[in-house]
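>>> Sequence and predicted model, in that order:
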Amino acid sequence: MKLSVRILLVLMCAALVLSMPFVLSAPYMLGEAQWMLMEEMDGDEGALLGWLIPSAYAEDDNVVVEESEYSLPIDFTPGCAPDPNGFTEAGYEDESIRVQMETREENGVIWRIAWVEIASPTQLRTAIAGKKLTSKTTARVAAMAEKNNAIVAINGDNFVDNPSATSFEYRMGQKLRNKSNKLRDILIIDEKGDFHTFIRSQGLDEFLDGEHTIVNAFTFGPALVKEGELLTTDPEYKYNPNGKEPRAAIGQLGKLSYVMVIAEGRGESVGVTHQGLADFMYSLGCMEAYNLDGGGSAAMVYNGEYYNDLSSSERSLSDMIYFASAVPGDE
């Protein structure tokens, strides 16, 4: 064995031991880190690294990478129909997407978690209940998920409840409203699938003057994690910030790597405050994280079924966020 390989092994073993607490809390981080390191190596060193640090996903050679032949149109057409054989209780996988489902119980809170990696940013999609953005139509998340071939979905910000002219809302590249909001935080998802959070519109004008394309944007919040930093949530923010409620959030872990979370409440699970949700999203390794509509709106659907307990009545909503396959089915 070459001396350089021996040195690499020692360094990698040390790094692996030190990183295990973070890997266990966010398993998708391991897969991304392994892929990045292997891209910089070749031959025996790359193979050795693959043996030393096995993939955090399924035990096969299908790795979802940023460059991909798979993509979907930026509009309201459904995603490709998923392969029924790709589903298990633990997750879904095909050539374009990997989903890992998880349930945790910590300090009286039941957390429903969906870890997602996609091949193309177009697989992170939104859907609306009506035929037009201006429609007041609402529907249950499960119904919207079925209609749009969602592998996993979560509620959006229910923009029909926020008709203010000062909100900022885009869906699949279409503008509903684009006014800054000094009272609410804004989340923008760009053409690369990257998240950008704006605290009461701070920095929004500079972003709009840049070269990014807005694909989806939401006005709800608060922002929970920004640029890798845990935020201290405003105790005066709307949506009962200090109450222990059912909550929904979405976060970005890295390139084309995301997590969707529901904190159950009003039943066996005690629910969380805004700050409790922020702390949890940060613990998962989010670089950006954002609170979505909660309470009776907090719903996650996986493989056509609700993944969280909806013992309290579920609300019909205007919109949802979902991930779809980009693998065309048989004609």
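All right, it came through fine. Numbering: from 1, shown residues only.
>>> ranges for the strands of the stretch 151-300 of the chain?
Taking DSSP state E, counting those that start in this stretch, the strands of the stretch 151-300 of the chain run over residues 152-155, 168-171, 174-178, 185-190, 195-198, 214-220, 223-226, 229-230, 247-254, 257-263, 288-292, 300-302.
>>> Need the ones you listed in JSON lines (columns: mean pLDDT, mean neighbour count and distance to residue 236).
(C-beta placed from N, C-alpha, C; glycine too.) Compiled in JSON lines, the strands of the stretch 151-300 of the chain are given as follows (pLDDT from 0 to 100; neighbours: other Cβ atoms under 10 Å; distance: least, Cβ to Cβ, whole Å):
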{"stretch": "strand 152-155", "mean pLDDT": "98", "mean neighbour count": "28", "distance to residue 236": "24"}
{"stretch": "strand 168-171", "mean pLDDT": "96", "mean neighbour count": "22", "distance to residue 236": "21"}
{"stretch": "strand 174-178", "mean pLDDT": "95", "mean neighbour count": "16", "distance to residue 236": "24"}
{"stretch": "strand 185-190", "mean pLDDT": "98", "mean neighbour count": "23", "distance to residue 236": "13"}
{"stretch": "strand 195-198", "mean pLDDT": "98", "mean neighbour count": "22", "distance to residue 236": "18"}
{"stretch": "strand 214-220", "mean pLDDT": "97", "mean neighbour count": "24", "distance to residue 236": "16"}
{"stretch": "strand 223-226", "mean pLDDT": "98", "mean neighbour count": "24", "distance to residue 236": "15"}
{"stretch": "strand 229-230", "mean pLDDT": "98", "mean neighbour count": "13", "distance to residue 236": "19"}
{"stretch": "strand 247-254", "mean pLDDT": "98", "mean neighbour count": "25", "distance to residue 236": "18"}
{"stretch": "strand 257-263", "mean pLDDT": "98", "mean neighbour count": "25", "distance to residue 236": "21"}
{"stretch": "strand 288-292", "mean pLDDT": "98", "mean neighbour count": "26", "distance to residue 236": "15"}
{"stretch": "strand 300-302", "mean pLDDT": "97", "mean neighbour count": "24", "distance to residue 236": "28"}
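>>> wait, which of these is closest to residue 143?
The closest of these to residue 143 is strand 300-302. By Cβ to Cβ, the value is 9.4 Å.
>>> that older thread, what's the closest of the strands of the stretch 151-300 of the chain to residue 272?
Using Cβ to Cβ, the nearest of the strands of the stretch 151-300 of the chain to residue 272 is strand 257-263, at 4.5 Å.
>>> Now do the closest one against strand 288-292: the angle between them, please.
Strand 257-263 and strand 288-292 are oriented at 40 degrees to each other (axes from the mean of the first three to the mean of the last three Cα atoms, to 10 degrees).
>>> low-scoring stretches of the stretch 1-150 of the chain, by residue?
1-68 (pLDDT under 70).
>>> ranges for the helices of it?
3-25, 27-39, 43-52, 141-147 (DSSP state H, counting those that start in this stretch).
>>> thinking again about what came up before, would a markdown table of the strands of the stretch 151-300 of the chain with distance to residue 118 be doable?
Shown next, in a markdown table, are the strands of the stretch 151-300 of the chain (distance: least, Cβ to Cβ, whole Å):
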| stretch | distance to residue 118 |
| --- | --- |
| strand 152-155 | 11 |
| strand 168-171 | 18 |
| strand 174-178 | 21 |
| strand 185-190 | 12 |
| strand 195-198 | 14 |
| strand 214-220 | 13 |
| strand 223-226 | 20 |
| strand 229-230 | 25 |
| strand 247-254 | 12 |
| strand 257-263 | 8 |
| strand 288-292 | 16 |
| strand 300-302 | 15 |
